[in-house]
Every structure is written in C-alpha cells, then in structure tokens.
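Chemist: my questions are about this predicted structure, shown below with the sequence.
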Amino acid sequence: MEAKQTAKADIEKMLREGKTVQFQPQGYSMYPLFLPGRDAAIVQPVTDPAKLKRGDVVLYRREQSILVLHRIWKRDGSGFYLVGDNQKEIEGPLKAEQMKGILTGFIRKGKYCPVRNPAYRLYSTVWLRLRPVRSRIGKTIHKLKGFFQK
C-alpha cells in the first residue's frame, strides 16, 4: 500500500527527524485494514530494526522506489519478508535500512485504534495465518457487501 504524501510532506524525512506521522495510505494491498480515503495510519520511526517482529506493519522504501506499508511475514538472516493484507505474494528479502516506520495505530471513521488493542492483535494474528486463502476471503466479503448494499 503506497503512502500518500499529503501536502507534499516528506514522510521519510519526518521519520528520520524522530517525528510521528499520520497519512492516508493509498491502494488496496492492505485491505481490509486500510481503505483508501477512509483510514489514516499513524507511524513512528523505526529506531531498532532488530525489535521488529512477525505481524508488525512497517513503512519501508522499495529499492529506488516508493514507500510501502505492509506486514512482516517473517524475518531471517537474509532480511525481512513482507506481505500486504490483501496479497498472497511475499516480498523480500528486504534490508533493515529499508524499514522506515512502524504502525502504532490507525484512525477509522474518526476513532483511534492502537495496535496494542486486543481486537486488532487478534485480527493481525488470524489474518496473517490465513495468507494462503485471503484473496478468496476478500472476494467473498466484497460480494457479500455488494449483495447487502443493494
């Protein structure tokens, strides 16, 4: 999920300066956690990549490319492997220095939810384990929403 830079704010620079940033992620790779135009991510700088763990949502820079917000699938001696909540394909290995920020909470419909919230933690754990079948689940949810919104 690409990080949309609102008002030309340099998100990466702000994180390097130790600031917490809030932005609206774009794209659907982190659906259902983030829906473009509805939700905002709150991200703090990564101060110690060694503390990042499976399930954490991180903001990272692809080599010579964009900032992306995805979840850590795993990490090993070769680096970090990440996946969007609406994807099956795992990206990696990525280097520790590519990890710029870590999600600490999000805002949905005006309400703040920290990542330490038990409901979010349950979602995060279950959704990560369902990676092989998530696309089918997402399509089913989308069809059900369309059916009930008629």
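Modeler: Nice, I can see it.
Chemist: distance of Pro93 relative to Arg71?
Modeler: Counting by Cβ to Cβ, to the nearest Å, the separation of Pro93 from Arg71 is 15 Å. Yep, even glycine has a C-beta here, placed from its N, CA and C like the rest.
Chemist: comparing the two, which residue is more hemmed in?
Modeler: Arg71 (22 against 15; other Cβ atoms under 10 Å).
Chemist: quick one, phi psi at the more buried one?
Modeler: The phi/psi pair for Arg71 (degrees, to the nearest 10) reads phi -100, psi 140.
Chemist: likewise the one 10 residues further on?
Modeler: Note on Tyr81: backbone dihedrals following degrees, to the nearest 10 are phi -120, psi 130.
Chemist: what's the answer for the one 5 residues further on, then?
Modeler: Taking degrees, to the nearest 10, you get phi -110, psi 30 for the backbone angles of Asn86.
Chemist: buried residues in the host helix or strand of Val68?
Modeler: For Val68, the host element (DSSP states H and E) is strand 67-76. Residues of strand 67-76 classed as buried by neighbour count (16 or more other Cβ atoms under 10 Å): 67-75.
Chemist: could you dump the top helix by length along the chain to PDB, C-alpha only?
Modeler: In the chain, assigned by DSSP state H, the helix with the most residues is helix 134-148. Taking C-alpha atoms only, helix 134-148 is exported to PDB below (Å, rounded to 0.1, in the frame of the first residue of the first chain):
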ATOM      1  CA  ARG A 134      -7.100 -14.400   2.000                       C
ATOM      2  CA  SER A 135      -7.800 -13.500  -1.600                       C
ATOM      3  CA  ARG A 136     -10.800 -15.800  -1.600                       C
ATOM      4  CA  ILE A 137     -12.000 -14.400   1.700                       C
ATOM      5  CA  GLY A 138     -11.600 -10.900   0.400                       C
ATOM      6  CA  LYS A 139     -13.600 -11.600  -2.700                       C
ATOM      7  CA  THR A 140     -16.400 -13.300  -0.700                       C
ATOM      8  CA  ILE A 141     -16.600 -10.300   1.700                       C
ATOM      9  CA  HIS A 142     -16.700  -7.900  -1.300                       C
ATOM     10  CA  LYS A 143     -19.500  -9.900  -2.900                       C
ATOM     11  CA  LEU A 144     -21.500 -10.000   0.400                       C
ATOM     12  CA  LYS A 145     -21.100  -6.300   0.800                       C
ATOM     13  CA  GLY A 146     -22.400  -5.800  -2.700                       C
ATOM     14  CA  PHE A 147     -25.400  -8.100  -2.000                       C
ATOM     15  CA  PHE A 148     -26.400  -6.400   1.200                       C
END
